[in-house]
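Engineer: Okay, predicted coordinates and the sequence, questions at the end:
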Amino acid sequence: MSSSILNINSANLLRFSALGLGAFYGFTHKASLTSFVHTRSEERARLHKLDLIEEGKLAYEAQVNREQSKLAVKAGIPTIDSDSYRFDAERYLNFLISETEKEAAAAKK
């Protein structure tokens, strides 16, 4: 009779151990998924903010240097903002030199 009690106690111990391990796994898995979603959400928000900042810089540049910006776009220069990653100094300097030469030629005539 004592061996059957021992078997029942062993079975209950295994059953509750499995239940506890399953609950622990579920908790840690949910925590890792929540952390992953939160990280992705923060990254998406950060990238959206950077996009808005870049749009604002371009809008400000267009507002302040409207004429220069229009001529630069026609010449194929994407931006005249020296802080932008798309700024090409050589193309912009060549553009300014050609504009200065055009103005000087127009002034001589």
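Structural biologist: Structure's in. What do you need?
Engineer: drop to CA atoms for contacts and neighbour counts, all remaining ones
Structural biologist: Will do.
Engineer: What is the burial count for residue 92?
Structural biologist: Residues lying near residue 92 (other Cα atoms under 10 Å) number 20.
Engineer: in what helix or strand does it lie?
Structural biologist: In this structure, residue 92 is located in helix 89-108 according to DSSP states H and E.
Engineer: Could you do residue 70 as well?
Structural biologist: helix 66-74.
Engineer: any idea how far residue 41 is from residue 33?
Structural biologist: Remark: distance between residue 41 and residue 33 (Cα to Cα, to the nearest Å) = 12 Å.
Engineer: I misspoke; the intended subject was residue 91.
Structural biologist: 48 Å.
Engineer: Of the two, give the one with the bigger neighbour count.
Structural biologist: Per other Cα under 10 Å, whichever of residue 91 and residue 33 has more neighbours is residue 91, with 16 against 11.
Engineer: and the gap between the more buried one and residue 40?
Structural biologist: Separation of residue 91 from residue 40 (Cα to Cα): 38 Å.
Engineer: again with residue 94
Structural biologist: 43 Å.
Engineer: So, low pLDDT: which residues of the protein?
Structural biologist: 1-3, 5-6, 61, 64-65, 69, 73, 75-85, 87 (pLDDT under 70).
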